[in-house]
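Participant: Quick one: sequence plus predicted model below, questions after.
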Amino acid sequence: MQSHILLLGPPGAGKGTQSTRLAETYDIQHVTTGDALRANKQMDITDLETKYDTPGEYMDAGELVPDTVVNTIVKEALSEADGYVLDGYPRNLEQARILDSMTELDYIIALEVPESDLLVRLTGRRVCPECSETYHTEFEPPAETGICTACGAELTQREDDTEETVKERLSVFAENTEPVIEYYDERNELTRVSGQGSPEEVFTRLTSVIEDDWLARV
Ligand code: AMP
């Protein structure tokens with residue numbers, strides 16, 4: 001079954017980890033605007049006459065990259081995908097309306113994590129620049145401090161995971177993305193799932209939502 005899944009939630013809720021697993025499990029595309037933008041941080045967007053000249057400058061400030069840039073990325077990715085799990089988009093109401101015109105969603109799930117946990121989760125996150133494995137200094141440390149257990153490369157911190165930028169990202173979420181969650185909730189299309197506990201526990205909750213629904217349909 002080629003499902004169209006949207007995973008919403010604040011920065012640090014575990015969207016990236018869970019989306020990757022959902023995509024592998026259901027053999028669908030993982031469409032993530034964050035990764036796509038990180039791969040194009042230096043792209044020249046001066047033609048758009050926006051505040052900054054590259055996506056990277058918005059990202060490092062914790063602000064949203066302009067809609068036109070992000071909408072184009074998503075439109076192209078979705079047109080190439082049969083089934084997908086969408087992660088990191090839509091982040092404001094305008095993007096949600098554009099998404100409505102692009103595709104039909106089967107599952108819209110919001111991962112919920114208390115705000116007090118998010119800062120700790122994000123500032124402790126470390127990533128491997130070689131194989132993209134992620135760790136947490138406290139909750140999921142690598143075998144050797146600062147070294148990727150999977151491939152041996154030196155771990156780094158995302159530039160937007162510093163305390164100052166994380167605070168800005170959380171306030172951008174509250175202002176711009178919370179209304180998106182309400183938008184789907186008001187249409188009775190939203191399922192809320194707790195993002196607390198181990199990645200394994202959260203994954204089990206997510207697959208139950210999806211598979212219980214499959215069972216209900218047969
Ligand atoms: P993420 O990896 O999803 O936390 O995204 C990292 C950063 O990329 C965000 O803080 C934004 O600067 C930018 N970004 C990702 N997705 C979007 C989006 N849908 N709209 C605008 N900016 C985005």
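Facilitator: Received it, and whenever you're ready, just let me know what you need. Remember, predicted model here, so these are calculated numbers, not experimental data.
Participant: what does this structure have sitting close to the ligand?
Facilitator: Contacts of the chain with the ligand, taken as CB under 6 Å from any ligand atom, map to 11, 33-34, 37, 58-59, 62-65, 70, 88-89, 91, 95, 160, 169. No exception for glycine: its C-beta is placed from N, CA and C like everyone else's.
Participant: Restricted to strands, list the residues you listed.
Facilitator: Applying DSSP state E to these, no entry is found in strands.
Participant: which one is the one residue in the chain that gets nearest to the ligand nearest to, not counting chain neighbours?
Facilitator: Closest contact between the chain and the ligand, by CB to the nearest ligand atom, is at Gly34 (2.2 Å). The spatially closest residue to Gly34, leaving aside those adjacent along the chain, is Gly88, at 4.4 Å (CB to CB, 6 or more residues apart in numbering).
Participant: Confirm for me that the one you found is in contact with Arg38.
Facilitator: No. With contact defined as CB atoms under 8 Å, Gly88 does not count as touching Arg38 (10.5 Å).
Participant: Just give the number of residues close to Thr72.
Facilitator: Thr72 has 10 neighbouring residues, counting by other CB atoms under 10 Å.
Participant: Correction: the previous question concerned Pro66.
Facilitator: The number of residues near Pro66, taken as other CB under 10 Å, comes to 16.
Participant: need the contact list for it.
Facilitator: The contact partners of Pro66, by CB atoms under 8 Å, 6 or more residues apart in numbering, come to Ile45, Leu48, Thr50, Tyr58.
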